[in-house]
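Trainee: here is a sequence together with a model predicted from it:
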4 protein chains.
Amino acid sequence: MPTHTFEPTHYHHTLGTHPPVLRIAPGDTVQTTCVDAAGQDRDMRPVTPRGNPMTGPFYIEGAEVGDTLVVRLEKLRPNRRRGWSGVVLAANVVDPEDVPRLAQAQGAQRWLDWDVDLEKQTARLASPVRGLEGLELPLEPMLGCFGVAPSRGEAISTATSGPHGGNMDYRGFKEGVTVYFPVGVEGALFFLGDGHALQGDGEIAGTGIEISMDVQFSVDLIKGQAIRWPRGEDAEHIFTVGNARPLDQCVQHATSEMLRWLTGPYGLDIQSASQLMGQCVRYDLGNIFDPAYTMVCKMPKKLLERLGPT
Amino acid sequence: MPTHTFEPTHYHHTLGTHPPVLRIAPGDTVQTTCVDAAGQDRDMRPVTPRGNPMTGPFYIEGAEVGDTLVVRLEKLRPNRRRGWSGVVLAANVVDPEDVPRLAQAQGAQRWLDWDVDLEKQTARLASPVRGLEGLELPLEPMLGCFGVAPSRGEAISTATSGPHGGNMDYRGFKEGVTVYFPVGVEGALFFLGDGHALQGDGEIAGTGIEISMDVQFSVDLIKGQAIRWPRGEDAEHIFTVGNARPLDQCVQHATSEMLRWLTGPYGLDIQSASQLMGQCVRYDLGNIFDPAYTMVCKMPKKLLERLGPT
Amino acid sequence: MPTHTFEPTHYHHTLGTHPPVLRIAPGDTVQTTCVDAAGQDRDMRPVTPRGNPMTGPFYIEGAEVGDTLVVRLEKLRPNRRRGWSGVVLAANVVDPEDVPRLAQAQGAQRWLDWDVDLEKQTARLASPVRGLEGLELPLEPMLGCFGVAPSRGEAISTATSGPHGGNMDYRGFKEGVTVYFPVGVEGALFFLGDGHALQGDGEIAGTGIEISMDVQFSVDLIKGQAIRWPRGEDAEHIFTVGNARPLDQCVQHATSEMLRWLTGPYGLDIQSASQLMGQCVRYDLGNIFDPAYTMVCKMPKKLLERLGPT
Amino acid sequence: MPTHTFEPTHYHHTLGTHPPVLRIAPGDTVQTTCVDAAGQDRDMRPVTPRGNPMTGPFYIEGAEVGDTLVVRLEKLRPNRRRGWSGVVLAANVVDPEDVPRLAQAQGAQRWLDWDVDLEKQTARLASPVRGLEGLELPLEPMLGCFGVAPSRGEAISTATSGPHGGNMDYRGFKEGVTVYFPVGVEGALFFLGDGHALQGDGEIAGTGIEISMDVQFSVDLIKGQAIRWPRGEDAEHIFTVGNARPLDQCVQHATSEMLRWLTGPYGLDIQSASQLMGQCVRYDLGNIFDPAYTMVCKMPKKLLERLGPT
């Protein structure tokens, strides 16, 4: 299968029906890069306005509305030695009474810098804050924002998320994961960006450790399979992603999508799927910071091995 | 330290200021039992009405409002070979449009039975549903509902939860965990029940695998330390628990409580705690079925080792 | 029908199964008083701790679980010339980013005083704040918190609300209204308090103009009619009350209760009730400040005149 | 001031930066039409796909990002004798347990027809459902969906709403109202559609009585005044509009916007605005059916007369 190399020259701040930068076929691999959430490239140069600028869109030949786009994140490699993060927790993740304390602690500084050691694959605060002098965290590189053009002509800000993907900030979107998106427009139009060297659940400081990345991904198509919400798969789990507010609704979307998955290709009926999910499901929190929040519903693959898809 | 053996003769369906069944001292251990959520004992006899009947309350000598009760769950052992679970997913955890499908699949049967193998520590459906014929799940025994009497004279149904604990249905409340509750009344008045042989996140079928249990716990007191929400600690994490609706608010309570913990005994300031939490926090889902939902905020202990408490 | 006069000597801070202060029969009228939310009586004396102290409970002869208690608020008369209110808006009713502005404006003062003119039936700020020098507001006296003992042994704080009523802070609970509560315990056990001289929707400053009151109410019973949520009726509307969080769930409870009312005693089927509600319903906001919020679903009585109850 | 007559030939299903159909100046008046939510014109011909097709956009000369667009709805006149509405209540406005009842009552029919009497200004069900035989409702024509192009290149579906307006379904958007929108793109780009002959609060059946309309509106600009959420004004109130989920967040947006209005042009400080809002505010419910819900915060104009704007 061909491998394309693509170096972006412009970026998008919405996921929408923008002119493709590259046309690729199912099975193809792409090597490219993305800037950080503030539009800074590998040399910390601001090459585009801030706000999760996207590389792409990539047009996948043969993708039509009602298909499923398959994206495999083959390599996610931070490509510089400087990351940054928000200074204090976001106002919406603490009790309202605690917001003034956060505001006082914010100070003049908007961001804290992190030194990223690409050899050791760790991150340290560039100017350690009190009490965290020796803190060294292992990298877990991931994409905060990626997805496809939404259906019906919408162009959705990269600040938020929806059935098309977008700014989900889920730690599970790391190297090796396979992600499924509902194709909403001809060619699917795949976008990616918002690299995080690592991130806590919820992205509760409003950022991960934000960084530019070298990215390699491959694509495939499942023709005629319509899904409603992003799905994914890694070595241990299949998972579904609900993007909405409040979190309760994220859970509803992700749970309904898992129910459709298990009662569709996996061939369970409602009672069987309910037993399996009721006693074995796991949920992860994506972000609880953006306009739409994200919850992920996971099922261990080993429980599904005997079930299908057939 | 003394070990008490207590066999319950009556049960409570609220956590409130009920007459103590036993008075114990900080440091003491108690061996007791609890019935299942339907009020059935080790012999499947219905000994009390359904709805999370509680064993207790246990009066802890010296506990006063403003203290913290420490409970260590030393042993949680299912004591019979039969469990049961809800037949289909709960109506509130799927998209509203999917509720009729669940209702149709419910059928006449309210519950499914599980065979619990106490030697192998596994559970199997007693009459396997289609597609799950070979399913065998490892036990992860836990308490669904436990806690203390709420403050200010409230008596809260064991169907729900709050700052006093209650029906949190969190998988992390298993053998070996230490849990901290805010003391709301003199003597704290500790209750426990609602054994689960195992359970998926969210308790989304409305039950875990419900079972009676032999329970051993010990108690301690932290005098003069007032906490607002339950806290806990296992081998790998410290954690805080928020009980409310919607889940967003659970996250706010648990996050604010973690912030208080890290900026209190652990001695971080707001900025330091924000960095640590922002990049390293994990969230777990307790139940998303009861009147109040539950989210848990976790911090790895190894990150805190150098920090304190001093 | 007899009229009882009852002067309270103690108060309750939960709605629960407390010893009755008076036993009355269906059809009886009671003249009594309530202190303000801070426990201050008509002479501004603090006679009980703050937090919506309740007068009662009144035991209604013949009331059994599964009946409906009918309460008519015949007179609600502020009985002193001083009211008070919160200084700034509550933290949870504004965008999280605006909370620090409110905190700064709070100042040292916890409350503002209002002069209540009982002849003119108006209220004015005792020390006008800048820009509101001439503000004079017409009184609309109402009860913020009232209801019955909850079922199943619960005792619920007067800070919050539920199916039993409680702290709903709805402007529609004023003189002349008839309110229906589900009887949860034998005798129903009716409580009342938390007088407001007037209040905006939502009680968004955390208080109305808080005041003690002379109250006259009468009671009746509807035997064998079980309702799930409080209902009410005034000259123009019938209405149902949902108490929960988030507001979406209040709307669900109130709407489902109205659907039950219209498809029950009023004899409509689901389609008819849907048309009438879909095109004619009105919603009011009770409080959006307490642990449980309140939304009210209203139907104009003139649309129902031809329908029943028959 | 000039009056333009514009007859649409195509429609949009997103509010976005689409090519203007007409350029008008501040002060101008436009006479135009809109189709109904299903894309049917005055002759019930389907002239465009369903889903709130929009007439426009109208480009307002001189409008720049950071200005406020003023739109006065001068005439809203249903222009045919047939309307239609959803058959049963929406699944998300009732308790989850009640959804199956609604699904059963839905039947094969998707919509019910209404006869609209343009002389009497009333609506009657074309084929009365049982119990509603004599029902005749007065028209209250309103626009369900209108607004401006969002900022930052977004194109938002007319199924939902946001700071730019959109599908708010608020009964207050009727003839005579003045509405203010934040200008997000050059020329503002104003759209309108989704006529309702009348509607209950919440649009809880998923529709009002849907109908095509003749519309006359005029526009103006407030240069250099940036607002965050739509605002409005009628004979009795000023109001602000919050569009989000859950309703709690709508209330937060609308309340914060009202606070900005009162502490901005009206010159109050936080304490004064808090008193006025706390004791005098009213909230209305727009829709609780779309992806984003709508709540409206209102202040009586007579209370503001002495205050400004100065």
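Mentor: Looks like it came in fine. Numbers count the residues shown, from 1 in each chain, chains lettered A, B, ... in the order given.

Trainee: does chain D have contacts with the worst-scoring helix or strand of chain A on mean pLDDT?
Mentor: Least confident element among the helices and strands of chain A, by mean pLDDT, DSSP states H and E: helix A:99-106 (a mean of 94). No - using Cβ under 8 Å from any Cβ of the partner chain, helix A:99-106 stays clear of chain D, coming no nearer than 12.2 Å. Bear in mind the C-beta positions are built from the backbone N, C-alpha and C, glycine included.

Trainee: could you point out which element follows that helix?
Mentor: Sequence-wise, the next helix or strand downstream of helix A:99-106 (DSSP states H and E) is strand A:111-117.

Trainee: how is chain A divided into domains?
Mentor: Chain A is divided into the following domains under automatic domain parsing: A:3-81+A:139-222, A:231-303.

Trainee: the ones you listed: which one's closest to chain C?
Mentor: Closest to chain C of the domains of chain A is domain A:231-303 (Cβ to the nearest Cβ; 6.6 Å).

Trainee: tell me the mean pLDDT over the closest one?
Mentor: Averaged over domain A:231-303, pLDDT sits at 97.

Trainee: so how far is the lengthiest helix in chain A from its chain's centroid?
Mentor: In chain A, with assignment by DSSP state H, the single longest helix is helix A:247-263. Distance of helix A:247-263 from the chain centroid (Cα atoms, centre = their mean, to the nearest Å) equals 18 Å.

Trainee: need the helices for the stretch 151-300 of chain A, in chain order.
Mentor: With DSSP state H, counting those that start in this stretch, the ranges of helices along the stretch 151-300 of chain A come out as A:247-263, A:270-280.

Trainee: just send those back as JSON lines, with mean neighbour count too.
Mentor: Below are these laid out as JSON lines (neighbours: other Cβ atoms under 10 Å in any protein chain shown):
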{"stretch": "helix A:247-263", "mean neighbour count": "25"}
{"stretch": "helix A:270-280", "mean neighbour count": "25"}
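
Trainee: which residues touch the closest residue to A:I270 other than its chain neighbours?
Mentor: With sequence-adjacent residues excluded and distances taken as Cβ to Cβ, 6 or more residues apart in numbering or on different chains, A:I270 is closest to B:A105, at 3.5 Å. Residues near B:A105 by Cβ atoms under 8 Å, 6 or more residues apart in numbering or on different chains: A:269-271, A:274, B:87-88.

Trainee: now do A:G107
Mentor: By Cβ under 8 Å, 6+ apart, the contact set of A:G107 is A:87, B:271.

Trainee: so it versus chain C, what's the distance?
Mentor: Applying Cβ to the nearest Cβ, to the nearest Å, the value for A:G107 to chain C is 13 Å.

Trainee: that residue and chain D, how far apart?
Mentor: 23 Å.

Trainee: what of A:P100?
Mentor: Counting by Cβ to the nearest Cβ, the gap from A:P100 to chain D is 13 Å.

Trainee: the closest residue to that residue other than its chain neighbours: neighbour count?
Mentor: In space, and not counting its chain neighbours, A:P100 is closest to C:A103: 4.2 Å by Cβ to Cβ, 6+ apart. C:A103 is flanked by 19 other residues according to other Cβ atoms under 10 Å in any protein chain shown.

Trainee: C:A103 contacts A:D98, correct?
Mentor: No - applying Cβ atoms under 8 Å, one finds C:A103 not in contact with A:D98, separated by 10.4 Å.

Trainee: that older thread, farthest pair within the contacts of B:A105?
Mentor: A:D269 and B:V87 (11.5 Å; Cβ to Cβ).

Trainee: and these two? Which one has more around it.
Mentor: Neighbour totals were compared for A:D269 and B:V87, and B:V87 leads with 23 against 14 (other Cβ under 10 Å).

Trainee: surely the more buried one meets B:R110?
Mentor: Yes - contact criterion Cβ under 8 Å: B:V87 and B:R110 qualify, at 6.7 Å.

Trainee: ok, A:Y170 - contacts?
Mentor: Neighbour list for A:Y170: A:142, A:241, A:284, A:286-287, A:294, A:296 [criterion: Cβ under 8 Å, 6+ apart].

Trainee: low-confidence ranges in chain A?
Mentor: A:307-310 (pLDDT under 70).

Trainee: which residues of it lie near chain C?
Mentor: Proximity of chain A to chain C (Cβ under 8 Å from any Cβ) is limited to residues A:91-92, A:96-97, A:99-100, A:103-104, A:246.

Trainee: show me which pair in those residues is furthest apart.
Mentor: Using Cβ to Cβ, the residues of chain A next to chain C span at most 27.5 Å, a distance reached by A:Q104 and A:P246.

Trainee: of these two, who's got more company?
Mentor: A direct count of neighbours by other Cβ under 10 Å for A:Q104 and A:P246 places A:P246 higher, at 21 against 12.

Trainee: need the contact list for the closest residue in space to the more buried one that isn't next to it in sequence.
Mentor: Distance criterion Cβ to Cβ, 6+ apart; nearest residue to A:P246, sequence neighbours excluded, is B:P246 at 4.1 Å. Neighbouring residues of B:P246 by Cβ under 8 Å, 6+ apart: A:246-248, B:293, C:245-246, D:246.

Trainee: just the CA coordinates for the longest helix of chain A, please, in CSV.
Mentor: Coordinates of each C-alpha in helix A:247-263 appear next as CSV, following Å, rounded to 0.1, in the frame of the first residue of the first chain:
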residue,chain,number,x,y,z
LEU,A,247,-21.9,13.8,30.9
ASP,A,248,-25.1,11.8,31.5
GLN,A,249,-25.9,12.3,27.9
CYS,A,250,-22.4,11.3,26.8
VAL,A,251,-23.0,8.1,28.7
GLN,A,252,-26.3,7.6,27.0
HIS,A,253,-24.8,8.0,23.5
ALA,A,254,-21.8,5.8,24.2
THR,A,255,-23.9,3.1,25.8
SER,A,256,-26.5,3.1,23.1
GLU,A,257,-23.7,2.9,20.5
MET,A,258,-22.2,-0.1,22.3
LEU,A,259,-25.6,-1.7,22.5
ARG,A,260,-25.9,-1.3,18.7
TRP,A,261,-22.5,-2.7,18.2
LEU,A,262,-23.0,-5.8,20.3
THR,A,263,-26.5,-6.5,19.0
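
Trainee: just the angle between the least confident helix or strand of chain A and helix B:247-263, please?
Mentor: Relative orientation of helix A:99-106 versus helix B:247-263 (axes from the mean of the first three to the mean of the last three Cα atoms, to 10 degrees): 50 degrees.

Trainee: follow-up on the earlier one: CSV for the contacts of A:Y170, including distance to A:G62 and neighbour count?
Mentor: Shown next, in CSV, are these (distance: Cβ to Cβ, whole Å; neighbours: other Cβ atoms under 10 Å in any protein chain shown):
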residue, distance to A:G62, neighbour count
A:M142, 28, 25
A:V241, 24, 28
A:D284, 32, 23
A:G286, 30, 30
A:N287, 32, 27
A:T294, 29, 29
A:V296, 29, 26
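
Trainee: can you narrow these to ones near chain B?
Mentor: A:D284.

Trainee: next, give me the two most distant ones among the contacts of A:Y170.
Mentor: Farthest-apart pair in the contacts of A:Y170 is A:M142 and A:V241; separation 13.5 Å (Cβ to Cβ).

Trainee: contacts only, for the nearest residue to A:V183 once chain neighbours are set aside.
Mentor: Closest residue to A:V183 apart from its sequence neighbours, by Cβ to Cβ, 6+ apart: A:D67 at 4.4 Å. A:D67 sits next to A:183, A:188, A:221-226 when contact means Cβ under 8 Å, 6+ apart.
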